[in-house]
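Peer 1: Sequence below, structure please.
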Amino acid sequence: MKTHLLKCWSGSYQALVYGSKTFELRKNDRGFEESDVLRLREWNPYRKKDGTPSKRGKYTGKEMKMLVGWTLYEGFGLPSGFCIMSVFPIEWITTLEKDRKEIKKYQEKIDSKRSKKMTLPRLPLRSDGHDAGGDTAEVVGRV
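Peer 2: Alright, predicted model coming up:
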């Protein structure tokens, strides 16, 4: 098991933090293997407020560790010398309090959407007070 210190652009870093990205595509110049640890440091390539690229970027100070899972080295249109790794968060090393609050709000939003999807709608009651569900083919109007 090796630990790799890597630069990670802001957009990709944020997607990993929020859990919408669960993989890393990298040039395999370090010999990445399953159970390695990626220590990702967020890199902002733009420093100007208008969004134009500057000559130099900067590290934001945010960092996280990811555990490498399954790794693909060749095939499926993958360029030679590259690999795709499934990654799982181990820990967030340095995150600002603002980011922690944003992550928590986002996770709560996702959890509430999941719970809404999992909640079954109530069936309308028939005129006799029983649910319209079951093996009946009866059509029930709105109550």
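
Peer 1: measure residue 60 to residue 46 for me?
Peer 2: In this view, residue 60 and residue 46 are 11 Å apart by CB to CB, to the nearest Å. Placement of C-beta: from N, CA and C, glycine included.

Peer 1: if I pick the closest residue to residue 26 other than its chain neighbours, what's in contact with it?
Peer 2: Take residue 26 and drop its neighbours on the chain: the residue closest to it by CB to CB, 6 or more residues apart in numbering is residue 83, 6.1 Å away. Residue 83 makes contacts with 25, 26, 28, 32, 71, 72, 73, as judged by CB atoms under 8 Å, 6 or more residues apart in numbering.

Peer 1: Can you pull the poorly scored residue ranges out of the chain?
Peer 2: The chain contains residues with pLDDT under 70 at 47-48, 51, 53, 92-100, 103, 110, 113-143.

Peer 1: show me where this structure has strands.
Peer 2: Applying DSSP state E to the chain gives strands spanning 3-9, 23-27, 37-44, 58-72, 82-94.

Peer 1: Which elements pack onto the fourth one?
Peer 2: Taking 3 or more CB pairs under 8 Å, 6 or more residues apart in numbering; DSSP states H and E as the contact definition, the neighbouring helices and strands of strand 58-72 are helix 10-18, strand 37-44, strand 82-94.

Peer 1: Present the ones you listed as a markdown table; the columns should include distance to residue 106.
Peer 2: Shown next, in a markdown table, are the helices and strands packed on strand 58-72 (distance: least, CB to CB, whole Å):
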| stretch | distance to residue 106 |
| --- | --- |
| helix 10-18 | 6 |
| strand 37-44 | 17 |
| strand 82-94 | 14 |
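
Peer 1: Mean neighbour count, those: which tops it?
Peer 2: Of all those, strand 37-44 carries the top mean neighbour count, a mean of 19, counting by mean count of other CB atoms under 10 Å.
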